[in-house]
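Asker: Fold the following and give me the result.
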Amino acid sequence: MRRIAGKSLAVAALGGAGVLASALADPAHAMRAWIAAYGFGVSTALGALLLVMIFHVTHAAWPIVLRPQLMRIVATLPLFAVLFVPIAFGLRLVYPWAHASHGWNSPGFFFGRSLVYLGAWSVLAIALARAESLYARDPTPEALLRSRRISAGGILVVAFTLTFASFDWFMSLEAGWISNMYGLYVFAGGLSSAIALLTFLTWRARRRGDLPESVGAPHFLALGRLMLMAVILWAYLAFFQLMLMWIADLPHEVSFYVARSRGSAGVMSALLFYGHFALPFVALLSRPLKERKTALAMIAAWMIVMNAVDFAWLVLPTGGDHVRLLDVSPFLVVSGLAVAFGAQRSSAPTSEAVLDRASVDPALAESLRYRTP
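Answerer: As a prediction, the model looks like this:
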């Protein structure tokens, strides 16, 4: 973990140099790129948080052995309260409403709402981590019930806060543009990225021998099915948001898509269609491929990159300079810091420890015995 954290911090430092160079050349564009990277990171962490809570409330048994990997992603949520600071200082650079002195979009009310979002997510992440730790020490039904109670209420909290945060932080960058589906679209992208990252982390842990050999093709097949579901959900929301606005043909609505159909933004639109939907959709239809650990991990890595591209498409300014090489820098900073923070704040048990726990935890033993039809 120390080695991973060190390498991740080095990546973040490299990205930080690029962010500084970009900010000196064009502060407004650099701030947009930072918001895009921030959205990519926080939506992935929230997707993992929702996935953990959904597993708890549905009493899903098969992912129990994978839950420590998922909690590594969830553990990064408090970091995003710190990473929000540059957005707070650069508010007036990019948000067209930031000079208002009162009302919903006044900076003071905006900061207050943001603190509520970030505070709620951090509290839920910490509460779930403590409940998981308690269950690891004492795997009783009572300890598991605590996690399920937190999850039952937490899903509603995250659903509302993520929706409004998407409106506040990302949609309001476009003056006069409104989409009621925007929050769901951001959620779908984050969920897709979280499932893909869980798959990649599981593959890595399995390859390093940190997971028992019984975590094999059936578990990866189940993860592949979740990835396919996430791809379909994202594409469904993306298509219907576009279709409904195109049918209405209102200038203030279709302007968002018209601007993203030209130049480098148009190239990114095509990349998202083929890379975020068509290619992974076709690949994940194959059952044999989903059972191949390495192949599935490579598709998972590709889906994570596509979610980053999606946030760049959403947030970066349109026009001739929609995308610049230095726009990659904030993604390196956010990803590097998140990996380092998650590696330091959480740990997953070794293969031997998992097997020892399975001898006293019937639910974990059932997870290890999982077989799919």
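Asker: and the nearest residue to Leu201 once chain neighbours are set aside, what does it touch?
Answerer: For Leu201, ignoring the flanking residues on the chain, the nearest one in space by CB to CB, 6 or more residues apart in numbering is Gln69 at 4.4 Å. In this view, the C-beta of every residue, glycine as well, is placed from N, C-alpha and C. Residues in contact with Gln69, defined by CB atoms under 8 Å, 6 or more residues apart in numbering, are 198, 201-202, 205, 348.
Asker: Cross these against helices and list the overlap.
Answerer: When helices are assigned by DSSP state H, the members of the contacts of Gln69 inside them are 198, 201-202, 205.
Asker: could these be laid out in a markdown table, adding pLDDT and neighbour count?
Answerer: Rendered in a markdown table, the data for those read as follows (pLDDT from 0 to 100; neighbours: other CB atoms under 10 Å):
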| residue | pLDDT | neighbour count |
| --- | --- | --- |
| Leu198 | 96 | 25 |
| Leu201 | 94 | 21 |
| Thr202 | 94 | 26 |
| Ala205 | 90 | 20 |
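Asker: what's the closest of those residues to Ala278?
Answerer: Proximity of the ones in helices among the contacts of Gln69 to Ala278 was ranked by CB to CB; the top entry is Leu198 with 22.8 Å.
Asker: Can you tell me the SS state at the residue nearest to that closest one when sequence neighbours are not counted?
Answerer: If you skip the residues right next to it in sequence, Leu198 has Leu70 as its closest partner in space, 5.3 Å away by CB to CB, 6+ apart. At Leu70 the chain is in helix, as set by DSSP: H, G, I helix; E, B strand; the rest coil.
Asker: what residues does stretch 294-310 touch?
Answerer: Contacts of stretch 294-310 (CB under 8 Å, 6+ apart): 37, 40, 43-44, 189-190, 192-193, 195-197, 199-200, 203-204, 220, 223-224, 227, 230-231, 268, 271-272, 275-276, 279-280, 283-284, 289-290, 331.
Asker: let's see 7 Å
Answerer: For stretch 294-310, the surrounding residues in contact (CB atoms under 7 Å, 6 or more residues apart in numbering) are 40, 44, 189, 192-193, 196-197, 199-200, 203, 220, 223-224, 227, 268, 271-272, 275-276, 280, 283-284, 289-290, 331.
Asker: in that stretch, what counts as buried?
Answerer: 295-297, 299-300, 303-304, 306-310 (16 or more other CB atoms under 10 Å).
Asker: And for stretch 352-367?
Answerer: For stretch 352-367, the buried set under the neighbour-count rule, 16+ other CB under 10 Å, comprises 354, 357-358, 361, 364-365, 367.
Asker: can you check stretch 223-234 too?
Answerer: Across stretch 223-234, burial judged by 16+ other CB under 10 Å covers 223-224, 226-228, 230-234.
Asker: Low-confidence bits of the protein, can you list those?
Answerer: 1, 319-322, 346-348 (pLDDT under 70).
Asker: most centrally placed residue in it?
Answerer: Centroid-nearest residue in the chain, with CA atoms, centre = their mean: Thr44, separated by 0.8 Å.
Asker: Quick check: that residue touching Ser193?
Answerer: Yes - in this structure, Thr44 is within contact of Ser193 by CB atoms under 7 Å, at 4.2 Å.
Asker: that older thread, show me what contacts the residue nearest to Leu198?
Answerer: Leu70 sits in contact with 48, 51-52, 198, where contact means CB under 7 Å, 6+ apart.
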